[in-house]
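1. this one's structure only:
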């Protein structure tokens with residue numbers, strides 16, 4: 001029996017919300033902590049200043065605020081997806097993963113997720129396991145789309 005036939009997967013969170021988190025997490029992973037901003041012209045620095053901690057602060061804040069604004073069910077679903085993508089649970093164990101995520105409250109969900117170095121990969125892998133992707137989201141959000 002296919003997964004779609006046995007339970008309604010990911011009913012707790014919209015794919016677009018997951019994809020927004022994926023996009024923000026990719027931006028945060030682009031940070032090059034070895035670069036420091038300076039007063040020079042970014043054009044002749046090959047835009048390295050865009051990859052510094054100072055430049056990433058607004059992205060981190062946007063990520064944290066977005067995740068904090070999700071309701072508890074959506075936050076639990078996001079954690080469950082990360083766990084599925086990481087291989088801690090199988091897609092068929094969706095309900096168990098969400099229930100386990102609901103019991104995890106050592107720190108804020110955003111902080112917990114930011115502690116996963118491969119978060120965007122985990123979320124994309126989990127979406128793929130549910131026959132979903134961020135392809136449509138990325139096309140809609142791309143400049144000029």
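-> Thanks, I have the structure now. Here the structure is a predicted model, which is why all the values come from computation and not from measurement.

2. now do the contacts for residue 62.
-> residue 24 (C-beta atoms under 8 Å, 6 or more residues apart in numbering). C-betas here are computed from N, CA, C, even on glycine.

3. I should have written residue 83 there, sorry.
-> 89, 97, 100-101, 122.

4. helix or strand: which one has it?
-> Taking DSSP states H and E as the criterion, residue 83 maps to helix 72-86.

5. which is the next helix or strand following that helix?
-> helix 94-103.

6. any residues touching that next one, and which ones?
-> With C-beta under 8 Å, 6+ apart as the criterion, helix 94-103 contacts 7, 9-10, 12, 72-73, 75-77, 79-80, 83-84, 88-89.

7. rank those by pLDDT and give me only the lowest.
-> By pLDDT, residue 7 ranks lowest within the contacts of helix 94-103, coming in at 44.

8. ok so, going back, how about the contacts of residue 83, which pair is most distant?
-> 100 and 122 (15.2 Å; C-beta to C-beta).

9. count of residues packed around the closest residue to residue 111 other than its chain neighbours?
-> Spatial nearest neighbour of residue 111, chain neighbours left out: residue 64 (7.7 Å); criterion: C-beta to C-beta, 6 or more residues apart in numbering. Burial of residue 64 is recorded as 17 neighbouring residues (other C-beta atoms under 10 Å).

10. how close does residue 64 sit to residue 58?
-> 11 Å (C-beta to C-beta, to the nearest Å).

11. what of residue 91?
-> Distance from residue 91 to residue 58, by C-beta to C-beta: 34 Å.

12. low pLDDT regions in the chain?
-> For the chain, the stretches with pLDDT under 70 are 1-8, 31-56, 138-145.
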